[in-house]
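Asker: predicted model and sequence follow; I will ask about them next.
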Amino acid sequence: MMSLREIKYFLAIAQEGNITTAAQQLHMAQPPLSRQMKNLEENLGAKLFERGHRKIQLTEAGCVLRNRAEQLLKLMDTTVKEIREIESGAHGTLSIGTASSSGVTILPKVARIFRSHYPDLKFELWEGESIRIIELLNAGLIEIGLVRFSFDADTYESIQIPKEPLVAAIHKNNPDFLNEKQDVIPLRKLIDQPLMIHRKYEALITEHCQQAGFNPYLLCKSDDIMPILAWADADVGIAIVPKAAIGLIPSTNLVFKTLSDPCIDVASAVIWMRNRHLSAAARHFLTLFTTINKDPLLLDLP
């Protein structure tokens, strides 16, 4: 076995072609350096140098060792650089889980800014409903999750994302809304309308409808936003979804109306495990998210 020190000593002699000069470069005396090289030759069972009066020449075995030694040192330097880049957050892969609607709104904008600072970083995205994101986080498959419901604050740390309103996705041929030109409609306009909702919003929507003086007609409850948007596109009923869901499906049939009197706002958050080590990349990403949360206008900068 060769030590890293022996490799460096050997390369110094090979580059200088003179053991005295190599010893000076290495800041050591010549006799110890000569002994190191003699021991190296004995351990390898091969002669590495042809010692002349003025200049040391490498044997064939010495030339092979020089090529390999240079490659080894280069590989070591590259490895150290990569490790430092990973620790600095400039290299590696960041795994993020996101609820469907969040994944197509705020996350891409944050990722664009983040990538401008860390262009060599890669992403791995996992998409699903909030329950699925929690499962992935608990399993350690992702470091950061974007979720849309309450979570255990003792288990997860979080950054709250500004609330967004629920909107009604209405087919353009719905006779009750053909003449509705406003982008905002009162909640009472949904009396007796067949509503399709995400199951997690049932209590919230029911409570606000009752505040407006009626019980909602819940035609369909789903664990995913995409199917109820597709059903609304087919004119089965009206889908009630977060505003961020606008554009999730390509459609020329749907118009979206923000609900008011009362407005129904939903909360979301970026979460991560409280007592789990985060990579440097994840820490940098959360720092950026915090900055943007304080100044949302950053998302609109070129």
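Answerer: On my side now, so go ahead. Numbers count the residues shown, from 1 in each chain.
Asker: how far off centre is stretch 190-198?
Answerer: 36 Å (C-alpha atoms, centre = their mean, to the nearest Å).
Asker: what comes up buried for that stretch?
Answerer: 190, 193, 195-198 (16 or more other C-beta atoms under 10 Å). C-betas here are computed from N, CA, C, even on glycine.
Asker: most widely separated two among the residues you listed?
Answerer: Within the buried residues of stretch 190-198, two members stand farthest from each other by C-beta to C-beta: Gln193 and His198, at 16.6 Å.
Asker: can you dump the C-alpha coordinates of stretch 272-288 into CSV?
Answerer: Only the C-alpha atoms of stretch 272-288 are listed here, as CSV (Å, rounded to 0.1, in the frame of the first residue of the first chain):
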residue,chain,number,x,y,z
TRP,A,272,-39.7,19.9,7.2
MET,A,273,-38.9,17.4,10.0
ARG,A,274,-38.0,19.3,13.2
ASN,A,275,-35.3,16.9,14.5
ARG,A,276,-33.8,15.7,11.2
HIS,A,277,-30.6,17.0,9.6
LEU,A,278,-31.2,19.1,6.5
SER,A,279,-28.7,19.2,3.6
ALA,A,280,-27.1,22.6,2.9
ALA,A,281,-29.2,22.8,-0.3
ALA,A,282,-32.4,22.4,1.7
ARG,A,283,-31.3,25.0,4.2
HIS,A,284,-30.5,27.5,1.4
PHE,A,285,-33.9,26.8,-0.2
LEU,A,286,-35.8,27.4,3.0
THR,A,287,-33.8,30.7,3.5
LEU,A,288,-34.9,31.8,0.1
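Asker: how about residues contacting that stretch?
Answerer: Residues outside stretch 272-288 that contact it (C-beta atoms under 8 Å, 6 or more residues apart in numbering): 86-90, 92-94, 96, 110, 113-114, 117-118, 121, 137-138, 140, 143-145, 154-159, 270.
Asker: what do you get if the cut-off is 7 Å, keeping everything else the same?
Answerer: Here stretch 272-288 makes contact (C-beta atoms under 7 Å, 6 or more residues apart in numbering) with 87-89, 92, 94, 110, 113-114, 118, 121, 137, 143-144, 155-157, 159, 270.
Asker: now those: which count as buried?
Answerer: Neighbour counting with 16+ other C-beta under 10 Å marks 89, 92, 94, 110, 114, 118, 121, 137, 143-144, 156, 159, 270 as buried within the contacts of stretch 272-288.
Asker: now render those residues as a markdown table, adding distance to Ala12.
Answerer: Formatted as a markdown table, those follow (distance: C-beta to C-beta, whole Å):
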| residue | distance to Ala12 |
| --- | --- |
| Gly89 | 36 |
| Gly92 | 35 |
| Leu94 | 41 |
| Val110 | 49 |
| Phe114 | 44 |
| Tyr118 | 37 |
| Leu121 | 37 |
| Leu137 | 51 |
| Glu143 | 44 |
| Ile144 | 47 |
| Tyr156 | 54 |
| Ile159 | 53 |
| Val270 | 52 |
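Asker: tell me the contacts of Met196?
Answerer: Contacts for Met196 (C-beta under 7 Å, 6+ apart) come out as 219-220, 222, 228, 231-232, 237-239.
Asker: I'd like to know which of those is nearest to Phe10.
Answerer: So of the contacts of Met196, ranked by how close each gets to Phe10 (C-beta to C-beta), first place is Ser222, at 69.3 Å.
Asker: in which helix or strand does the spatially most central residue of the chain reside?
Answerer: For the chain, the residue nearest the mean C-alpha position is Leu94 (3.8 Å; C-alpha atoms, centre = their mean). Assigned by DSSP states H and E, Leu94 belongs to strand 92-98.
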